[in-house]
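Student: curious how this folds, go ahead:
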Amino acid sequence: MKILCISGSPRGEHSNTFRLAEEAVAGITTAEPGVSVEYIHLGSLRMEFCTGCGTCHRKLLFCPLKDDIAPVLHSMREAEAIIFASPVYINHVTAQLKALLDRSSPFIHCQMLTGKYGAALSTSGGGPHAMVLDYLKEYLVSCGVQYVGGVSGPISRFNAMKEEAKTLGVDLAKAVKENTAYPDQLSTIEKQREFFKGVISSRKEEWKGEYEYWKEKGWI
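Tutor: Reported below is the predicted structural model:
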């Protein structure tokens, strides 16, 4: 079982949100000893902002920007489960995490993470926090991932959140091992696939890379 934990905090290992991720991983390793876990701290990487050039649609996932994003996207494709961890920065994920997600649009167009499972973690100084989990769930499901759950809250209840994160880790490991199905999410994934089938077909000459991916999958 391959688990990928992506931390969007610029504070790296000193981040409270990353500490929640460690608790989730502790839950995973308790349930499934010997799992492979990869941690990625986006704050330590060199990342450029998406320019909207569209190259990644024409040449699937190829980006002319030369930075550290490509290996992260590769790790996301290789993992069986993905955990996103981000503190709340003005009612959203951090700029670091948003930059990564903006560079991954073929994952959505082609549902390239289908068959994987996901979870999300977030902390706030005391203000709103649930919207970050909502956003990350929507992103994951749009990529074909089944979302197991999330933990978020203010730092004032951090100790309780650590226990919740550990439980979430156990649930995530169980979902991967048992290939758990979430019917409502699978229905959403299917509806989005039908929508993008029309989009990709209509732009098959422009987005050749994505069109060929759809053909290989037998979706077109």
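
Student: so who does the closest residue to His57 other than its chain neighbours touch?
Tutor: Counting by C-beta to C-beta, 6 or more residues apart in numbering, His57 lies nearest to Trp207, which is 4.1 Å off, once chain neighbours are set aside. C-betas here are computed from N, CA, C, even on glycine. Contact partners of Trp207, counting by C-beta atoms under 8 Å, 6 or more residues apart in numbering, are 54, 57-58, 109, 200.

Student: out of those, which sit inside strands?
Tutor: The members of those all map outside strands under DSSP state E.

Student: so which of those residues comes closest to Thr30?
Tutor: For these, the residue nearest Thr30 by C-beta to C-beta is His109; the value is 36.8 Å.

Student: can you report phi and psi for the spatially closest residue to that closest one that is not a sequence neighbour?
Tutor: Leaving aside its sequence neighbours, His109 sits nearest to Glu210 (C-beta to C-beta, 6+ apart; 5.3 Å). When read as degrees, to the nearest 10, the backbone of Glu210 gives phi -70, psi -40.

Student: let me know how buried Glu210 is, in neighbour terms.
Tutor: By the other C-beta atoms under 10 Å criterion, the neighbourhood of Glu210 contains 25 residues.

Student: do you know how far it is from Pro128?
Tutor: 35 Å (C-beta to C-beta, to the nearest Å).

Student: contacts only, for the residue nearest to Tyr182 when sequence neighbours are not counted.
Tutor: Distances taken as C-beta to C-beta, 6+ apart put Gln146 closest to Tyr182, at 4.9 Å, once the chain neighbours are dropped. Applying C-beta under 8 Å, 6+ apart to Gln146 gives the contacts 116-118, 175, 180-182, 185-186.

Student: and stretch 34-54, what's buried?
Tutor: The neighbour-count check on stretch 34-54 (16 or more other C-beta atoms under 10 Å) flags 35, 37, 39-43, 47, 50 as buried.

Student: would it be right to say that Phe18 lies in a helix?
Tutor: Yes: counting by DSSP: H, G, I helix; E, B strand; the rest coil, Phe18 is found in a helix.

Student: so it touches Ser7, yeah?
Tutor: Yes: applying C-beta atoms under 8 Å, one finds Phe18 in contact with Ser7, separated by 4.6 Å.
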